[in-house]
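K.L.:
Mind looking at a prediction? Sequence and model below.
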Amino acid sequence: MEAVKNKTYVEDVNRSIYDIKDKVNASYKASRGLTSGIVNSISLEKNDPAWMREFRQQSLKIYKELEVPVWGPSLEGLNMEDIVTYVRPNTKMQLKWEEVPEDIKNTFERLGIPQAERTSLAGVGAQYDSEVVYHNVREEVKSLGVIYTDMESAVREYEDMVKEHFMKLVTPRDHKFAALHGAVWSGGSFVYVPPGVSVEIPLQSYFRLNAPGAGQFEHTLIIVDKGASLHFIEGCSAPKYNVANLHAGCVELFVREGARLRYSTIENWSKNMFNLNTKRASVEKNGTMEWVSGSFGSRVSYLYPMSILKGENAKMEYTGITFAGNGQTLDTGVKVVHAAKNTSSHMSSKSISKDGGCSTFRSAVVMGTEADGAKCAVSCESLMLDSESRSDTIPVMDIRNDNVDIGHEAKIGRISDDTIFYLMSRGLSEADARAMIVSGFAEPIAKELPLEYALEMNQLIRLEMEGSIG
Amino acid sequence: MILELKEANKLPMKTFRWLGVNELKVLREIPDIKPFEKIEAEGIGVKELVVTRNNTFPYEKMPLTGMGEEAAEFIHQNKNQEMTITVPKGRKVKEPVFIRYSLTKENPALAEEVCIFAEEDSEITLVVIYEGEEEANAFHGGLFYLKAAKASVINLVQVQLLPDTGFHFGNIGAEAEENGCIRITQCELGGGYAISGICGELKGDGSELNVDTIYFGDRERILDFNYVANHYGKNSKSDMRVNGALSGTSKKIFRGTIDFKRGASGSEGAEGEYTLLFDKNIKNVSVPLILCGEENVSGKHAANSGRLEEEKLFYMMSRGLSEEEAKKMMLEAWFHPAVQNIPSEEIREKVSEYVNRRLSHVKSL
């Protein structure tokens, strides 16, 4: 008879600080559902210019035409008729934390945002439900000509620049939830880094959804001009409710010639959240786009940051980790289009599934006829911690040029008993050996994160070990 | 007659629609399927085998096939050749069985349904060759059902050398019981349009599926593959190795799936796909899936594509070979893993000649 083995126990992500709910105190809340009247009332509430009002209505039409994606995880339980698409918190955007209402400020304090701003960030935007409640950027960064503001202000103050770029990379025709975003977007950040300016310390936007049954549809638009560089961090969380919440944000990144942008995300939505986010970057000649992505929360996620390498020598790197626990279906991955000579991309993905969680790595690599000399390497590793869970890998490579070099590797498996034995033979306890293996598995991602996030991730993947080998 | 397949070679788990890889749609005019006569068989008379020319196996009990139900149903309804080979318990047939089909202007359409049942502890090797005349505008559609009972071995080698005007599809459903082993070698070298699907159901503990495939896409050739290994049994193994080359404006899509079902503990699956690219206007699509519902398994896949390695080429030329000779030799080496599985010197040579003939069209050589 086969000996019963005690299994490694990896705790669920500790959500206590994320799950504290504030009483909903909104100054304006749209009705549930999605109609032309609701979209119009959002326009009026936000004082949209005429072109944006028209854009929203056009997007709504497209939303009605398009069908729900049939290729990904089930969206059962998400009913747009039940979702409130706009909740304006009872405060204006403030430039000082002291002026942010006490309950909202306390929430962000618990999440460590003001503290991080003081110690390690060049600017912070904090969104609460549908609008940004705090936005500030250090004077020395501002003096370099860097613009970092909320999208609502940007539509008014930098209208031409916004109009030229807004939903041009991700159009409402992209998919149903991009159209939904076009119709009801609110909040988000706008960043412009002028040519040659290097922003040495990161900017961060944090998105907090508090209202039950609400949607968050923030729009992030970043333009890093020629030869400039920026590290932008995005964090998101929400407390858990019994009703479905929806996040359908949109991120559009323009990396100009010779520019560099690192976009780091730690996503920790609650397990009632449908996270249907769209992120895309356009990278010009000699530009570099780096994605660092940690997906821990949400009930269902569809998240595949895409890079279009449109200029010669443009580069993309993706480093991502996904941790799917009980009740979670996290469908994440990456897409890249090589559309110019000597472009290169490197993708490294890790996923951990436990307690019935389902993680899927989905990727698309397209190398066009104009991608002479392009190179691409994809590496994907999955760790299954029990047989209640699932882990799927679904990569696609579409090559239309002979002068390219493309490699793909994927591995799936569990913690090997041999490795544990080896480490134990070197003097480690079994628990320490297992902890070391799992930490080692996540380490390549952790080292790409800013220190405070790496610590948070380690806390998120807290391990409790017990038992012995069979 | 019209052949319409709305959802063939379906990916077991769908992905982004804009990539167009989730399934294959086929709508083609094919020659009418009439009684087929151009068949040569060698070895089916041996006494260890029970061969019947009428399939008695109930179609509804067929396992899943790689191309799917529509393709299976089409052959089942329209077949002009059918055969069941049963290898009785304990019989290990040493000599391979050969079947050769020649598609001609008079006999341009072949729709075959073949069942191979290897009973407990038995073994068989079946080699099937498809050839044809250029002017035949040939159609070949195949439905193979392979069942390997406990500790039995089935070797199936298919060599497809149809002319450019030919349209070919091969659809295989394979099932292996405890320690049963199924080995499939496919040389998909001919036909202007070739489709292949294999689904291996590894039901028994310790069962195995091994697939070795080579293909060569030149000119406007289209190749579409869908291989699936479903692991149910404990300690089951699958290994799929696909080596191909593309030139001209040829297009290839390879879908390969290793699916570890819950309970298949101790199982291992590996998939390797390597493509040599000779021309700028090719289209090479790879979709290697690993689906996993069991913790204690090991699955890996690797895919690589690119030009012939220049360093190797340079080395061979420095040893006195011309560039063309060196390239041909490297391509032969590329195809070697599958070609060596053909248990006949004559057929191996035929394959080599066929490839060399095709290579003469490749401009970059």
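P.N.:
Good, I have the coordinates.
K.L.:
CA only for contacts and neighbour counts going forward, please
P.N.:
Fine.
K.L.:
Phi first, then psi, for residue B:347.
P.N.:
Taking degrees, to the nearest 10, you get phi -70, psi -40 for the backbone angles of residue B:347.
K.L.:
got a pLDDT number for it?
P.N.:
pLDDT for residue B:347: 95.
K.L.:
Residue A:29: neighbouring residues, count only.
P.N.:
18 (other C-alpha atoms under 10 Å in any protein chain shown).
K.L.:
My read is that it contacts residue A:87, right?
P.N.:
Yes: when contacts are counted by C-alpha atoms under 8 Å, residue A:29 is listed as touching residue A:87 (4.4 Å).
K.L.:
Report the rounded mean pLDDT for the host helix or strand of residue B:7.
P.N.:
Following DSSP states H and E, one finds residue B:7 within strand B:2-8. Taken as a whole, strand B:2-8 has an average pLDDT of 96.
K.L.:
got it, and stretch A:167-187?
P.N.:
Here the average pLDDT along stretch A:167-187 is 96.
K.L.:
and that stretch, which residues are buried?
P.N.:
Using 16 or more other C-alpha atoms under 10 Å in any protein chain shown as the test for burial, stretch A:167-187 gives A:167, A:169-170, A:172-173, A:175-187.
K.L.:
Ok, stretch B:309-318 next?
P.N.:
For stretch B:309-318, the neighbour count (16+ other C-alpha under 10 Å) marks B:313, B:316-317 as buried.
K.L.:
Buried ones in stretch B:91-108, by neighbour count?
P.N.:
B:91-93, B:96-104, B:107-108.
K.L.:
Could you do stretch B:57-64 as well?
P.N.:
B:62-64.
K.L.:
Around chain A, pick out the residues from the stretch 1-150 of chain B.
P.N.:
Residues of the stretch 1-150 of chain B lying near chain A by C-alpha under 8 Å from any C-alpha of the partner chain: B:13-17, B:19.
K.L.:
Which entries within those meet the buried criterion?
P.N.:
Using 16+ other C-alpha under 10 Å, the buried ones in these are B:15-16.
K.L.:
Reformat the residues of the stretch 1-150 of chain B next to chain A into JSON lines and put secondary structure and pLDDT next to each item.
P.N.:
Listed next are the residues of the stretch 1-150 of chain B next to chain A as JSON lines, based on DSSP: H, G, I helix; E, B strand; the rest coil; pLDDT from 0 to 100:
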{"residue": "B:13", "secondary structure": "coil", "pLDDT": "97"}
{"residue": "B:14", "secondary structure": "coil", "pLDDT": "96"}
{"residue": "B:15", "secondary structure": "coil", "pLDDT": "97"}
{"residue": "B:16", "secondary structure": "coil", "pLDDT": "96"}
{"residue": "B:17", "secondary structure": "helix", "pLDDT": "94"}
{"residue": "B:19", "secondary structure": "helix", "pLDDT": "96"}
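K.L.:
With distance to residue A:257 as new columns, can the residues of the stretch 1-150 of chain B next to chain A be given to me in JSON lines?
P.N.:
Listed next are the residues of the stretch 1-150 of chain B next to chain A as JSON lines, based on distance: C-alpha to C-alpha, whole Å:
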{"residue": "B:13", "distance to residue A:257": "38"}
{"residue": "B:14", "distance to residue A:257": "36"}
{"residue": "B:15", "distance to residue A:257": "32"}
{"residue": "B:16", "distance to residue A:257": "30"}
{"residue": "B:17", "distance to residue A:257": "31"}
{"residue": "B:19", "distance to residue A:257": "28"}
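K.L.:
Could you list the low-pLDDT ranges of chain B?
P.N.:
Counting by pLDDT under 70, chain B shows low-confidence ranges at B:362-365.
K.L.:
quick one, helices of chain B?
P.N.:
For chain B, applying DSSP state H gives helices covering B:69-78, B:310-318, B:323-339, B:345-359.
K.L.:
Tell me which of these approaches residue A:123 most closely.
P.N.:
helix B:310-318 (50.6 Å; C-alpha to C-alpha).
K.L.:
Show me which residues of the stretch 1-150 of chain A sit near chain B.
P.N.:
Counting by C-alpha under 8 Å from any C-alpha, the residues of the stretch 1-150 of chain A near chain B are A:71-72.
K.L.:
Poorly predicted segments of the stretch 1-150 of chain A, please.
P.N.:
Checking the stretch 1-150 of chain A against pLDDT under 70 turns up A:1-17, A:19-20, A:24.
K.L.:
rerun at 50
P.N.:
Flagging of the stretch 1-150 of chain A using pLDDT under 50 yields the residue ranges A:1-8.
K.L.:
Next to chain B, which bits of the stretch 301-450 of chain A? Give me the list.
P.N.:
A:362, A:369, A:384-414.
K.L.:
Thanks a lot, catch you later.
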